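>>> Here's a sequence, model it:
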Amino acid sequence: MPGDARHALGEAAAAHPGEVRHRRWRKVLWDVQRFPDNHVDSSFLASMVTNAHVRQWQYWSLVEGAAVVAQKFSTVVLFAVVFTQMHQGQLHVPVLLAINVLIAGILVLVAQAVGPPLSIALLFAPDPLSGLGHAGLLLSLLLLMSPILHTLTRAVAEDSVWALAIALALVHLAAFDYAACHKDARDAMAMVVAHTEQEQERSRRRRALAAARARSMAAGARDRGGAAPAARGALGNGAAGGLEGGSDAAQPGTDSCLEGIAAARAEEPSRGAEEDDADTAPIPVVGAPAIGGALSLNAAMLGAVLLASRLPGPSAVFALLTVASQLFTVLPLCTARLRTASLPMHIALSVAQPAITLCALVMAGATAVACAAFLGSVVVVVLIAPAMLLSKQPHKRQIQGPWDIATVQGVEGM
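Numbering: from 1, shown residues only. Here you go, the predicted model:
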C-alpha cells in the first residue's frame with residue numbers, strides 16, 4: 001500500500017477512534033493502525049536469535065582442512081625448484097623425464113591400492129586403455145607445441161616474465177577452490193561406485209536369466225523327447241483321431257518350453273527403458289570438478305608455459321610442461337580422491353609433500369633462510385592458523401530476526 005494512502009487511512013482512523021479495532025501495534029499490512037509507517041515497536045527484538053546456525057569447529061578437523069592448503073603451497077614451491085634447477089642447467093631433461101615417469105607410476109599404484117573407482121577416475125576415461133590413449137594424445141600435443149612455446153617470450157624481458165609468473169602463482173593459490181573440491185570428489189567417488197555396483201547387478205541378472213533359459217530349454221527338450229514316440233504312433237495309425245492325439249501329445253513339450261522361458265523372464269526384475277539406456281551409457285567422467293576452479297588451473301598452466309619458454313631448448317620445455325601437467329592437474333585430483341577414500345593416506349600425503357619439497361630445497365642449495373621460511377609457512381598454515389580461528393570463534397555473533405527474509409516452514413525445497 002502506498003505511504004500516502006496509508007497515511008490518509010491513519011488520519012481517518014484517528015478521526016474515528018471507534019473504527020480502529022486494535023490499539024496495539026501488529027505486524028500486518030492489511031489493518032488500519034494509528035502508528036506511522038516507520039514505527040519501531042518495543043517487541044521488535046523479542047524474536048531475535050543469536051548464533052542459531054554457527055558451526056562449532058574442532059581443532060583436528062581444521063588441521064585436516066588446512067593440510068590441503070599446505071599441499072598446494074608445497075606443489076607450487078616444488079615446481080619453482082624444478083624450474084630453477086633446469087634454468088641453471090643443474091637438472092637435465094632425461095633425469096626429469098625419469099622422475100616424471102616415476103611419479104606417474106606412484107600415482108597409478110596408489111590409485112590401484114585405493115580401489116578401482118579411484119583408478120578409473122584418475123584416468124579421465126571409462127577404462128584404463130582409453131585413459132592411456134588420452135595421456136598419449138596430451139603428450140603428443142605438448143611435444144608438437146614445444147618448439148613454438150620455446151620462442152613465446154623471446155622478445156620479453158626476463159624480469160617481466162618472473163613478475164608475471166609470481167603473480168600467476170599467487171592467483172593459482174588464491175583462486176583454488178579448497179572447500180568445493182572435496183565435496184566434488186566425494187560426489188564423483190559416489191557416482192563411480194554407484195556405476196560399478198550397477199554394472200555388477202546387471203551382470204548378475206544376465207547370468208541368472210541365461211541359466212534360467214538354459215534350464216527351461218532343457219526341460220522343454222525332455223518333454224518333447226517323451227512326446228515324440230506317441231506322436232509317431234498316432235501318425236502311423238493314419239486315423240484322424242490319432243493325428244489329433246499326436247498333436248495333443250506333442251503340445252505339452254512346446255507349452256513347457258514356453259512356460260519355462262516365461263518363468264525365466266519373471267525371475268529377472270523388470271527393466272525399463274531407463275535401465276536399457278544405462279546398459280550402454282559410459283561411466284561418468286568425474287575428473288574436472290576435483291581439480292578446482294578454472295581460473296586457478298589456467299593461471300598455473302599459463303605460468304608454467306611462461307617459465308618453460310625461458311628454458312634452453314624444446315626438449316626442456318616439453319619436460320617442464322609434463323611436470324606441470326602432473327603437479328597441477330593429476331596430483332590435485334589424486335589428493336582429493338585420497339582424502340575421500342582414506343584419511344590415513346591423506347594425512348601421510350600431507351606430511352610427505354612438504355617433506356619432499358623441503359628436501360628438494362636443500363638439494364637445490366637453497367639458503368637456510370629460504371628453507372626456514374617454507375617450513376615456517378607450512379607450520380603456521382597447518383597448526384597455528386586453526387588454533388587462532390578456534391580462539392576467535394567465541395566472539396562470533398550471528399543474529400537472525402524479523403528483518404530476515406521470510407521462509408515457509410515445512411515446505412520442501414524452500
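>>> pLDDT weak spots in this protein?
1-22, 111-131, 180-197, 199-200, 220, 223-292, 409-414 (pLDDT under 70).
>>> number of nearby residues for residue 315?
Residue 315: 18 surrounding residues under other Cβ atoms under 10 Å. Using the backbone N, CA and C atoms, a C-beta is placed for each residue, glycine as well.
>>> Which residue comes closest to residue 68 once chain neighbours are left out?
Leaving aside its sequence neighbours, residue 68 sits nearest to residue 178 (Cβ to Cβ, 6 or more residues apart in numbering; 5.3 Å).
>>> scratch that, residue 23
residue 34 (7.5 Å).
>>> Against residue 41, how distant is the one you found?
13 Å (Cβ to Cβ, to the nearest Å).
>>> ok, now residue 327?
Distance from residue 327 to residue 41, by Cβ to Cβ: 61 Å.
>>> between those two, which one's more packed in?
Between residue 327 and residue 41, counted using other Cβ under 10 Å, residue 327 has the larger neighbour count: 20 against 13.
>>> Tell me if I'm right that that one and residue 72 touch.
No: with contact defined as Cβ atoms under 8 Å, residue 327 and residue 72 do not form a contacting pair (10.0 Å).
>>> Can you classify residue 405 by secondary structure?
Three-state call for residue 405 (DSSP: H, G, I helix; E, B strand; the rest coil): coil.
>>> on that earlier part again, quick check, the residue nearest to residue 68 in a helix?
No: counting by three-state DSSP, residue 178 is not part of a helix but coil.
>>> What count of nearby residues applies to residue 296?
So residue 296, with other Cβ under 10 Å, has 23 neighbours.
>>> In contact with it, which residues?
Neighbour list for residue 296: 171-173, 175-177 [criterion: Cβ atoms under 8 Å, 6 or more residues apart in numbering].
>>> now it: how far from residue 378?
20 Å.
>>> Name the helix or strand for residue 53, please.
Element membership for residue 53, per DSSP states H and E: none, as it lies in no helix or strand.
>>> same question but for residue 47, I mixed them up
Going by DSSP H and E, residue 47 is not in any helix or strand.
>>> That one and residue 79, how far apart?
54 Å.
>>> Tell me which of those two has more neighbours.
Ranked by neighbour count (other Cβ under 10 Å), residue 47 and residue 79 place residue 79 first, with 23 against 9.
>>> Secondary structure element holding the more buried one?
Short version, using DSSP H and E: residue 79 is in helix 59-87.
>>> so the residue nearest to residue 23, which of the three states?
coil.
>>> ok, now residue 335?
Applying three-state DSSP: residue 335 is helix.
>>> Quick check: it touching residue 71?
Yes: proximity of residue 335 to residue 71 meets the contact threshold set by Cβ under 8 Å, at 5.9 Å.
>>> Now for these two: what residues contact both?
Common neighbours of residue 335 and residue 71 (Cβ under 8 Å, 6+ apart) are residue 349.
>>> now the strands: where do they sit in this structure?
For the chain, the strands defined by DSSP state E occupy 49-50, 399-400.
>>> next one: phi and psi at the residue nearest to residue 68?
phi -70, psi -40 (degrees, to the nearest 10).
>>> pretty sure it is in contact with residue 67, am I right?
No: Residue 178 lies out of contact with residue 67 (Cβ under 8 Å); the separation is 10.3 Å.
>>> Between the two, which is the more surrounded one?
Between residue 178 and residue 67, counted using other Cβ under 10 Å, the more crowded position is residue 67 (23 against 16).
>>> Enumerate every residue touching the nearest residue to residue 44 once chain neighbours are set aside.
Among residues not flanking residue 44 along the chain, residue 402 sits closest, at 6.5 Å (Cβ to Cβ, 6+ apart). Shown in contact with residue 402 (Cβ under 8 Å, 6+ apart): 27, 44, 47-48.
>>> Just give me the closest of those to residue 216.
residue 47 (70.3 Å; Cβ to Cβ).
>>> Phi and psi next, for the closest one.
Residue torsions, per degrees, to the nearest 10, at residue 47 are phi -100, psi 20.
>>> ok, now how distant is it from residue 400?
9 Å.
>>> what about residue 49, how many residues close to it?
11.
>>> For the nearest residue to it once chain neighbours are set aside, list the residues it contacts.
Of all residues not flanking residue 49 in the chain, residue 400 sits nearest, at 4.7 Å (Cβ to Cβ, 6+ apart). The contact partners of residue 400, taken as Cβ under 8 Å, 6+ apart, are 48-50, 52.
>>> how does this structure divide into domains?
When the chain is parsed with automatic domain parsing, its domains come out as 3-39, 59-177+292-395, 188-279.
>>> what's stretch 159-177 in contact with?
72-73, 76, 80, 153, 292-293, 295-297, 299-300, 302-303, 306-307, 309-310, 328, 332.
>>> One more: stretch 80-89?
Stretch 80-89 has contacts (Cβ under 8 Å, 6+ apart) with 91, 93, 96, 169, 307-308, 310-312, 316, 319-320, 323, 357, 360-361, 364, 366.
>>> how about a cut-off of 7 Å?
For stretch 80-89, the external contacting residues (Cβ atoms under 7 Å, 6 or more residues apart in numbering) are 91, 96, 307, 310-311, 316, 320, 323, 360-361, 364.
>>> ok, now which ones touch residue 362?
Here residue 362 is in contact with residue 371 (criterion: Cβ under 7 Å, 6+ apart).
>>> what's the distance between it and residue 105?
From residue 362 over to residue 105 (counting by Cβ to Cβ), the distance is 25 Å.
>>> next one: residue 88
According to Cβ to Cβ, residue 88 stands 27 Å off from residue 105.
>>> And for residue 139?
15 Å.
>>> Then residue 325?
Applying Cβ to Cβ to residue 325 and residue 105 gives a distance of 15 Å.
>>> Of the two, give the one with the bigger neighbour count.
residue 325 (19 against 10).
>>> what about residue 27, neighbour count?
Residue 27: 9 neighbours (other Cβ under 10 Å).
>>> Got phi/psi on the closest residue to it other than its chain neighbours?
Among residues not flanking residue 27 along the chain, residue 402 sits closest, at 7.2 Å (Cβ to Cβ, 6+ apart). Main-chain dihedrals, residue 402, degrees, to the nearest 10: phi -60, psi -20.
>>> Do you have the helices of the stretch 201-350 of the chain handy? List them.
Ranges of helices in the stretch 201-350 of the chain, per DSSP state H, counting those that start in this stretch, are 240-267, 273-279, 294-308, 314-325, 331-341, 343-363.
>>> go on, the stretch 51-200 of the chain?
Going by DSSP H, counting those that start in this stretch, the stretch 51-200 of the chain shows helices at 59-87, 93-114, 116-122, 128-150, 158-175, 180-237.
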